[in-house]
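[1] Sequence unavailable; structure follows:
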């Protein structure tokens, strides 16, 4: 069992293998909700980058830029998935 989610919204996720025929396809509303959460995270990371731009902390900035890049990639892939499932 693995725990995922926000600190205040942790939920358990089973790590057992599920047969492809038993997998539930997420609804567009569920995927849209995840896209919205990614958008909020991107906004927060952008704010951190904007606020921290005056300091000489290039390692922190580089790390945040990497996080932003991965979040944007996740958002693109999720959007592709939504289009395929429609």
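    Happy to help now that I have it. The shown structure was predicted, so the numbers you read here are calculated from the model rather than taken from an experiment.
[2] Give me the most central residue, this structure.
    residue 38 (4.8 Å; C-alpha atoms, centre = their mean).
[3] since we're on residue 61, how many residues are nearby?
    15 (other C-beta atoms under 10 Å). For every residue, glycine as well, the C-beta is placed using N, CA and C.
[4] Pretty sure it sits against residue 50.
    No - using C-beta atoms under 8 Å, residue 61 is not in contact with residue 50, being 10.8 Å away.
[5] returning to that earlier point: residues in contact with the helix or strand hosting the residue nearest to the centre of the chain: which ones?
    Following DSSP states H and E, one finds residue 38 within helix 28-51. By C-beta atoms under 8 Å, 6 or more residues apart in numbering, the surrounding residues in contact with helix 28-51 are 61, 64-65, 67-68, 71-72, 74-75, 78-79, 81-82, 85-86.
[6] Please state the offset of stretch 30-39 from the chain centre?
    In terms of C-alpha atoms, centre = their mean, to the nearest Å, the centre of stretch 30-39 is found 8 Å from the chain centre.
[7] Could I get the buried residue list for it?
    By neighbour count on 16 or more other C-beta atoms under 10 Å, the buried set for stretch 30-39 is 31, 35, 38.
[8] how far away is the first one from residue 80?
    Looking back up the chat, that one is residue 31. 11 Å (C-beta to C-beta, to the nearest Å).
[9] Over to the last one?
    Summarising the geometry, the distance separating residue 38 from residue 80, computed by C-beta to C-beta, is 13 Å.
[10] Among the contacts of helix 28-51, the buried ones, what's the PyMOL command?
    To isolate the buried ones among the contacts of helix 28-51 in PyMOL, judged by 16+ other C-beta under 10 Å, type:
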select buried, resi 64+68+71+75+82
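[11] Between all of the contacts of helix 28-51, which two are separated the most?
    Greatest spacing in the contacts of helix 28-51, by C-beta to C-beta: 61 and 86 (37.8 Å).
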